[in-house]
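**Q** Take a look and give me a structure for this.
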Amino acid sequence: MNEPRSFSDHFFLVIKGLCMGAANKVPGVSGGIVAFVGGFYEEFIYSLQKINGNAFKLLLRGRFKSFYQYINGSFLTLLIFGMLVSYFSVSKILDYFLEEKELFVWAAFFGMILGSIYYITKDFKHWNRRTMTACMIGLIAGISISFLSPARENDNLFFIFLCGIISVSGMTLPGLSGSFILILLGNYVLLLVDSVNALYDTFSEIIQGDFRFIENTVRLNTLKILAVFTIGSAVGLVSLSHVLSYVLKHYRHVTTTVIIGFITGSLGVVWPWKRTIYKTDSAGEVLYASNGKEIIKNYERYLPDFGSTETWWALFFVVIGIGILLGLDWYGKKNRKQTT
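**A** Numbers count the residues shown, from 1 in each chain. Model (predicted):
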């Protein structure tokens, strides 16, 4: 795991981080899927698991190099750097296309999830009563989550901290979308849109030498919320990795089949052909959440119209999504051949 990496390995780690960050931003898509199909899921989990008591002992003794090597620092640094860059670049591009070409974006992600199901199942040879039961449990859980109704926004700091712990599961559990969980908790706009934009604006102003944001109480409160959410995410990421490393070590096949079932169940979340249904009052006015910014809405799924050109374009993007996953599979096989 700590073997020296080439420049291309470093470059692709950043790219994988970009993909994980972008996936985590989109409701219904899991950054963990990117790690799983990219062939670095286990290294990601075991590297996070190394952030433990021994690591902090090395840090407190001033043995920084040993600490960095112990936690697989090169791997984590490049991956997390890619995720951070994604939140301020790729994710903004995604926001634009979700607004302008929503059907095609969801179609591409639907294809990617179909590809990931193929990727995980193609070499799995351990089907039995136990693993089939685990797969069904994962499938039922995935379907159930996709039909839950979202809650209202809540900016209580303790709740924000819990949101951080829970939402980060999308990075560690393939198929479980952290951003979709935030929608269910009612805090997607607050934590992944408003807070990220506030941090972006703050950095931009600091670079320009403008420090007037210090007097902006709304901005400072949003940044405080983001800080608490980030701490919760860090705590959740490390704690979940310890649990998952144990589970992967002792129940690998059962865990894999739960993931297969969960990813399959989550297909309903990213079904491309859906229309937005806005909740209205008795006068027909669109209802907003308590924050006054977030429109209360649900989605109604429908079957595609094969007489429409747009449908065929969407199917083309489904194929593109599958192709991306097959490309990752090809890259992973090529990499493994070069290292053996």
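**Q** distance of residue 39 from residue 237?
**A** The spacing between residue 39 and residue 237, counted by CB to CB, to the nearest Å, is 20 Å. C-beta: built from backbone N, CA, C; applies to glycine.
**Q** Ramachandran angles for residue 211?
**A** Main-chain torsions, residue 211, degrees, to the nearest 10: phi -110, psi 20.
**Q** close enough to count as contact, it and residue 205?
**A** Yes: contact criterion CB atoms under 8 Å: residue 211 and residue 205 qualify, at 7.2 Å.
**Q** Neighbour count for these two, which is higher?
**A** Neighbour comparison, residue 211 and residue 205: the larger count goes to residue 205, with 16 against 10 (by other CB atoms under 10 Å).
**Q** Could you pull up the contacting residues of that one?
**A** 211, 212, 213 (CB atoms under 8 Å, 6 or more residues apart in numbering).
**Q** could I get those as TSV with pLDDT and distance to residue 196?
**A** Output for these, formatted as TSV (pLDDT from 0 to 100; distance: CB to CB, whole Å):
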residue	pLDDT	distance to residue 196
211	85	20
212	85	20
213	84	15
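**Q** Serialize those to CSV and add fields for distance to residue 153.
**A** Shown next, in CSV, are these (distance: CB to CB, whole Å):
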residue, distance to residue 153
211, 29
212, 27
213, 22
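**Q** which of those residues lies closest to residue 16?
**A** residue 213 (33.0 Å; CB to CB).
**Q** So the nearest residue to the closest one once chain neighbours are set aside versus residue 249, what's the distance?
**A** Nearest residue to residue 213, sequence neighbours excluded (CB to CB, 6 or more residues apart in numbering): residue 219, at 5.0 Å. Going from residue 219 to residue 249 by CB to CB gives 45 Å.
**Q** and the two? which has more neighbours close in?
**A** residue 219 (17 against 12).
**Q** Report the rounded mean pLDDT for the helix or strand harbouring the more buried one.
**A** Assigning secondary structure by DSSP states H and E places residue 219 in helix 217-250. Averaged over helix 217-250, pLDDT sits at 86.
**Q** and what of stretch 163-180?
**A** In the prediction, stretch 163-180 has an average pLDDT of 76.
**Q** how far does that stretch sit from the chain's center?
**A** The chain centre lies 6 Å from the centre of stretch 163-180; the measure is CA atoms, centre = their mean, to the nearest Å.
**Q** Between the two ends of it, how far is it?
**A** End-to-end span of stretch 163-180 (CA to CA, to the nearest Å): 12 Å.
**Q** Which neighbouring elements make contact with the one helix or strand residue 116 maps to?
**A** Assessed by DSSP H and E, residue 116 sits inside helix 102-121. Under the contact criterion of 3 or more CB pairs under 8 Å, 6 or more residues apart in numbering; DSSP states H and E, helix 102-121 touches helix 31-37, helix 90-100, helix 252-265, helix 309-339.
**Q** right, and the helix or strand after it?
**A** helix 129-146.
**Q** Would you tell me what the next helix or strand after that following helix is?
**A** helix 157-167.
**Q** pull the helix or strand with minimum mean pLDDT from the protein.
**A** Across the helices and strands of the chain, mean confidence by mean pLDDT, DSSP states H and E is lowest for strand 297-301: a mean of 68.
**Q** Quickly note the distance from residue 63 to residue 57.
**A** Computed as CB to CB, the residue 63 to residue 57 distance reads 9 Å.
**Q** in the chain, which ranges drop under the pLDDT threshold?
**A** Residues of the chain meeting the criterion pLDDT under 70: 1-7, 27-29, 90-92, 94-95, 149-151, 174-176, 276-299, 328-329, 331-340.
**Q** Repeat the analysis, applying 50 as the threshold.
**A** 289-291 (pLDDT under 50).
**Q** related to what we said a few turns ago, so for the helix holding residue 116, what gets flagged as buried?
**A** Neighbour-count burial for helix 102-121 flags 103-117, 119-120 (criterion: 16 or more other CB atoms under 10 Å).
**Q** That's all I had, so thanks and see you.
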